[in-house]
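**Q** task: produce atomic coordinates for the following.
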Amino acid sequence: MPRSRLPSLAAVCVVAVLSALAVAFTRDAGAQDMMGAAAQPIVHDPAYFRDRVLPVLAQHCIACHEAGDPDNKSKNRIVAPGADGKFDAAAVQKNYETFRALMDAKVPERSTVLLKLIPVSRGGVDHDGGKADDTEFPSDLTDPKSPLVAWAFGATATDAPPIAAWSPVPRQVTVGDEVRLDATLAYDPEGKPVTVRWEVHDAPQGARAKPDDPLAKTTRIVPDREGPWVVRLRVDDGKLRGWPALLRFAAVRKAVATDPAAPTPAVPAAQVDVVTRRATRLLFLDLWGRTPTDEELAKYAALPWSARVDALLGTEETWRNWLEEECFYFLLIDQFRPVSDRVAGIPAAMCEGRMGFREAHQTIALSSEFNARNPGNDTFCTVVFEQFLGIEVQKNVKLLETAKLAYDGKQQRIFDVQVKNQSDVVQATLDQKAYTDVFLRRMEQRFLRGALPKAEHEGTVAVLQSQPREFRNILREWLLSDRYVGADRPPRRKSDFQFIRSLFVDLLGRAPAYEEFRNMRNALQALADPTPLRGVLAKVLLDSSASIAPPVGAAMDERYAGDRWRPAVTDLFRRLLGREPSTVEMDLFVTALQEPGATWRTAAMGLLSSPQYQYY
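**A** This is a model prediction of the structure:
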């Protein structure tokens, strides 16, 4: 019985999507105080708003939001001051009510006004007026000590919220090595004692590590999983809370010892030839679900093709991506995403050859999340038969009814074997040749973009049926074949998974944290045609202060004219499309970029919205 995907999101709109993205960065037990008890809602002081906040809004926001402007199309309006430049009592009250409604009294960091101003990379949402990134607005607007932020967190004329200050953490650490967390610099403007709380805000799948002492100003965390980590620091002065700080780092696997005599060529990413660049991007998109960073491109492009394939197949990231794709196939996402140690251990086991696809699927199907996603004997057995065997249970009612009895603990016989519980039903299903056939057909479409010839397919099924751990070697053969790298390989539209992860790498130079990825993926999956929303998401990331500008002074924007635009255009084509621009394309982009108001972001958006970026 086919299941529709994410029906609860079918009516999602762009505004709701962007708001959800902000929640991804700030959600938590957010309405909790430093010791975990329910926090008191913040009272936003009217006098402080009048004296400290309203002048700031008048200076920076009223040009676009003036209530009396007939051309003002914005939703939120500011009543302008009188002819003498002062706000009367009625205007103050009206403006106070407007902006108090935009504040979150329980989780102030979620306040709409702040989310509109902070970069998307820090959890912000789209804002037509721009960001507080020293381009449209001064960055001081979102400084934790600024009047607007202080008021959001409950400031009065005599009491300001504490300030979260911390010692920097390394950008990259090794799994199992400690990361020192130091908040001894946190302070309160009035000199009151400040308490702190450290929390894991986001971590890789299956991670269990926590700060050793979450209430100590100096403590440590030892990451136990490879991937991006985000640790949050909360501060409290006993009355007010301060804006939480997010500390980010990436945990990587311990380096494997290599032959010291082996060559270690290093080719700068910019010098990688077009054919090698595109082939490496293709391999990364299929195996890692994203494009490579400059460092990864330089590292892997230096290897011969067969060594490049072997190197990537020998990484846990390849099998972690495979696991994520399989979990999505079974709709094990969001609250149903498996996090047990057994499931989290699948990538390492497959990477090291200790597990095959059949064992991996058995582990997934017997996980508590799979059971919760498919509760009850009818749903569980239906999904197992349909997803693993491709069976329409409506046409096999007897099989379904027999399996349901076995699910309930009654000894039965299916597929000529005795079964008497859930585990037996799964095992009997995965032992079927039809299961291997269905799995192989899915993998053929994923990696070869089409079915193998009948004889070759049947021969491969026979091999995998008896030796499921041979899948890695078979995949290797596919990736080395002309069918995979040949010129007649048809282009494929990037999946939402690939599009989102590549967008972060191409624009921010990093893969997204899981919550960043999850909210974007759910939004795209909710739409019949996600193309327009893809463009919105691309623009949001592109406009963030964390986006990577092209080299050679492209930040000069409109002053960057003539031939001086050419290095920037070349960089954008290489980074976003994996190739050099043609002479015609170069001339068109250079001409367009000399128009008033054009910037490197203009050129980047042109490429991001093109069909060539949507496909690979």
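
**Q** the closest residue in space to Ser367 that isn't next to it in sequence: what's it in contact with?
**A** Distances taken as CB to CB, 6 or more residues apart in numbering place Pro338 nearest to Ser367, at 4.7 Å, with adjacent residues excluded. C-betas here are computed from N, CA, C, even on glycine. Residues near Pro338 by CB atoms under 8 Å, 6 or more residues apart in numbering: Gln205, Cys327, Leu332, Ala344, Ile364, Ser367, Ser368, Glu369, Phe370.

**Q** any low-confidence regions in the stretch 101-250 of the chain?
**A** Filtered on pLDDT under 70, the stretch 101-250 of the chain yields the residue ranges 120-122.

**Q** now the strands: where do they sit in it?
**A** Assigned by DSSP state E, counting those that start in this stretch, the stretch 101-250 of the chain shows strands spanning 172-174, 179-182, 195-202, 218-221, 227-236, 245-252.

**Q** in JSON lines: those strands, plus distance to Ile42 and mean neighbour count.
**A** Putting those into JSON lines (distance: least, CB to CB, whole Å; neighbours: other CB atoms under 10 Å) gives the following:
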{"stretch": "strand 172-174", "distance to Ile42": "36", "mean neighbour count": "13"}
{"stretch": "strand 179-182", "distance to Ile42": "26", "mean neighbour count": "18"}
{"stretch": "strand 195-202", "distance to Ile42": "18", "mean neighbour count": "20"}
{"stretch": "strand 218-221", "distance to Ile42": "28", "mean neighbour count": "18"}
{"stretch": "strand 227-236", "distance to Ile42": "13", "mean neighbour count": "22"}
{"stretch": "strand 245-252", "distance to Ile42": "18", "mean neighbour count": "18"}
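
**Q** which one of those strands lies nearest to Val275?
**A** Proximity to Val275, assessed across these by CB to CB, is greatest for strand 245-252 (29.0 Å).

**Q** just checking, what packs against the very next helix or strand once past that closest one?
**A** Of the helices and strands lying after strand 245-252 in sequence (DSSP states H and E), the nearest is helix 274-287. Where contact means 3 or more CB pairs under 8 Å, 6 or more residues apart in numbering; DSSP states H and E, helix 274-287 is packed against helix 294-301, helix 305-313, helix 316-329.

**Q** mind putting the ones you listed into JSON lines with mean pLDDT?
**A** Formatted as JSON lines, the helices and strands packed on helix 274-287 follow (pLDDT from 0 to 100):
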{"stretch": "helix 294-301", "mean pLDDT": "92"}
{"stretch": "helix 305-313", "mean pLDDT": "95"}
{"stretch": "helix 316-329", "mean pLDDT": "95"}
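
**Q** may I see these organised as a markdown table, with mean neighbour count and distance to Val200 added?
**A** Formatted as a markdown table, the helices and strands packed on helix 274-287 follow (neighbours: other CB atoms under 10 Å; distance: least, CB to CB, whole Å):
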| stretch | mean neighbour count | distance to Val200 |
| --- | --- | --- |
| helix 294-301 | 18 | 26 |
| helix 305-313 | 16 | 29 |
| helix 316-329 | 20 | 19 |
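
**Q** to Asp378, which of these lies closest?
**A** Smallest distance to Asp378 across the helices and strands packed on helix 274-287 (CB to CB): 20.6 Å, for helix 316-329.

**Q** so how far is that closest one off the chain centroid?
**A** Offset of helix 316-329 from its chain centre (CA atoms, centre = their mean, to the nearest Å): 15 Å.

**Q** repeat that for stretch 228-244.
**A** 23 Å.

**Q** quick one, strands of the stretch 301-450 of the chain?
**A** For the stretch 301-450 of the chain, the strands defined by DSSP E, counting those that start in this stretch cover 412-414, 417-419.

**Q** stretch 187-198: end-to-end distance?
**A** 16 Å (CA to CA, to the nearest Å).

**Q** one more: stretch 49-68?
**A** Stretch 49-68: ends 21 Å apart by CA to CA.

**Q** next one: stretch 432-452
**A** This stretch, stretch 432-452, spans 20 Å end to end (CA to CA).

**Q** report the buried residues of that stretch.
**A** Neighbour counts using 16 or more other CB atoms under 10 Å place Gln432, Tyr435, Thr436, Asp437, Val438, Phe439, Leu440, Met443, Glu444, Leu448, Leu452 of stretch 432-452 among the buried residues.

**Q** pretty sure the second one sits against Leu389.
**A** Yes: when contacts are counted by CB atoms under 8 Å, Tyr435 is listed as touching Leu389 (5.6 Å).

**Q** okay, Pro611: pLDDT?
**A** We have a pLDDT of 92 for Pro611.

**Q** which of the strands of the stretch 301-450 of the chain is buried the deepest?
**A** Stretch with highest mean neighbour count among these: strand 412-414 (a mean of 17; mean count of other CB atoms under 10 Å).

**Q** packing partners of that one?
**A** helix 397-407, strand 417-419.

**Q** tell me which of these sits nearest to Pro144.
**A** helix 397-407 (54.9 Å).

**Q** just to revisit the earlier point, ok, the buried residues of stretch 432-452 vs Lys539, which is closest?
**A** Using CB to CB, Leu448 comes nearest to Lys539 of those, at 33.8 Å.

**Q** list the contacts of the closest one.
**A** When contacts are counted by CB under 8 Å, 6+ apart, Leu448 touches Trp478, Arg483, Tyr484.

**Q** with secondary structure and neighbour count as added columns, please give those residues in a markdown table.
**A** Shown next, in a markdown table, are the contacts of Leu448 (DSSP: H, G, I helix; E, B strand; the rest coil; neighbours: other CB atoms under 10 Å):
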| residue | secondary structure | neighbour count |
| --- | --- | --- |
| Trp478 | helix | 18 |
| Arg483 | helix | 17 |
| Tyr484 | helix | 19 |
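
**Q** re earlier: to Asp224, which of the helices and strands packed on strand 412-414 lies closest?
**A** Of all the helices and strands packed on strand 412-414, the one in closest proximity to Asp224, counting by CB to CB, is helix 397-407 (34.7 Å).

**Q** pull the distance from the closest one to the chain's centre.
**A** Distance, stretch centre to chain centre, for helix 397-407: 40 Å (CA atoms, centre = their mean).
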